[in-house]
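Colleague: after the sequence you'll find the predicted model.
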Number of protein chains: 2
Amino acid sequence: MTSESINFSEKFERLPPGDYATGIIATMNDYEFKVVRFKGDFVWHSHSTTDEAFIIIEGVMVMNFRDRKVEVRPGEMIIVPKGIEHKPSSSEGYKATLIEPEGVPNTGGVESDMAITTIEWV
Amino acid sequence: MTSESINFSEKFERLPPGDYATGIIATMNDYEFKVVRFKGDFVWHSHSTTDEAFIIIEGVMVMNFRDRKVEVRPGEMIIVPKGIEHKPSSSEGYKATLIEPEGVPNTGGVESDMAITTIEWV
């Protein structure tokens, strides 16, 4: 079966309100593409089994690492390497596309009120 | 080791001239992110082992399938499913980010003057 185009703006509009919302928009083999809207300070965590890709669509994401910070702006992406502690943050908020294998826990297993056990399709 | 942000515009500027140019900009596990600049009619092909993701940055890509065409515009993406024949085309040209496993032949093994055996980092 062939496939349709996927419009990021339309997908962001389908996310629930709040400072943190995410939804699945596509799969590629056993990887997922998600849209993420986030404002605030995420929780420090790492993913022991996989790298993770963020593509920024709107706003500015500060990717905090233990030794430094990297600003990522619209038209830019960043790969967070496997096993590296990181904490996304944004005072104004950002919208991003996140790409990683299916079923990766969003907080890397760290207990937090930001932990989401099941991410829905939007 | 932590990582840097990657700017798509800067990467497109590093591509060689011509109607078709592509280069690797990042890896995520055993997947590659590439930038692709293309104008014209690609060759009909499929990839027997993998899906393939295109995110359009500039211009309009027409993704031809055997039964229909899908236009993909800036702010949109499309997944080409494994094994499905497809042919990207664009009269005005497009710039895209392509995501797929490392080492996937760009023409799916079809002989063509568009076949590229080694894609370089940019």
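Modeller: Perfect, thanks for sending it. Residues are numbered from 1 along each chain as shown, chains lettered A, B, ... in the order given.
Colleague: partner strands of whichever strand or helix holds A:Ile79, with direction?
Modeller: Assigned by DSSP states H and E, A:Ile79 falls within strand A:76-80. When sheet partners are counted by DSSP bridges, strand A:76-80 sits next to strand A:52-59 (antiparallel), strand B:5-7 (antiparallel).
Colleague: next one: the shortest one to chain centre, how far?
Modeller: Relative to the centre of its chain, strand B:5-7 is centred 18 Å away, using Cα atoms, centre = their mean, to the nearest Å.
Colleague: also the longest one?
Modeller: Strand A:52-59 has its C-alpha centroid displaced from the chain centroid by 7 Å (Cα atoms, centre = their mean).
Colleague: can you pull out the residues in contact with that strand?
Modeller: A:8, A:12, A:35-36, A:61, A:63, A:72-80, A:88, A:90, A:92-100, A:104, B:26, B:28, B:33, B:55, B:75, B:97 (Cβ atoms under 8 Å, 6 or more residues apart in numbering or on different chains). All C-beta spots, glycine's among them, are computed from the backbone N, C-alpha and C.
Colleague: follow-up on the earlier one: can I get the strand holding A:Ile79 in PDB, CA atoms only?
Modeller: The C-alpha trace of strand A:76-80 is given here as PDB (Å, rounded to 0.1, in the frame of the first residue of the first chain):
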ATOM      1  CA  GLU A  76      18.200  22.400  12.900                       C
ATOM      2  CA  MET A  77      18.400  18.900  14.400                       C
ATOM      3  CA  ILE A  78      20.400  17.200  17.000                       C
ATOM      4  CA  ILE A  79      21.300  13.500  17.700                       C
ATOM      5  CA  VAL A  80      21.400  12.600  21.400                       C
END
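Colleague: and it, what's buried?
Modeller: A:76-80 (16 or more other Cβ atoms under 10 Å in any protein chain shown).
Colleague: ranking the strands paired with strand A:76-80 by burial, who's on top?
Modeller: Among those, strand A:52-59 has the highest mean neighbour count (mean count of other Cβ atoms under 10 Å in any protein chain shown), at a mean of 21.
Colleague: report the next helix or strand after that strand in sequence order.
Modeller: strand A:61-65.
Colleague: starting from that following strand, tell me which strands it pairs with and how they run.
Modeller: Strand A:61-65 is paired, per DSSP bridges, with strand A:69-72 (antiparallel), strand A:86-101 (antiparallel).
Colleague: got those strands as a markdown table, with mean pLDDT columns?
Modeller: Output for those, formatted as a markdown table (pLDDT from 0 to 100):
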| stretch | mean pLDDT |
| --- | --- |
| strand A:69-72 | 98 |
| strand A:86-101 | 98 |
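Colleague: and A:Phe12, that's in a helix?
Modeller: Yes: counting by DSSP: H, G, I helix; E, B strand; the rest coil, A:Phe12 is part of a helix.
Colleague: roughly how far does the closest residue to A:Val80 other than its chain neighbours sit from B:Asn64?
Modeller: Setting aside the residues directly before and after it, A:Val80 is nearest to A:Glu52 in space (Cβ to Cβ, 6 or more residues apart in numbering or on different chains), at 4.5 Å. A:Glu52 is 33 Å from B:Asn64, where distance means Cβ to Cβ, to the nearest Å.
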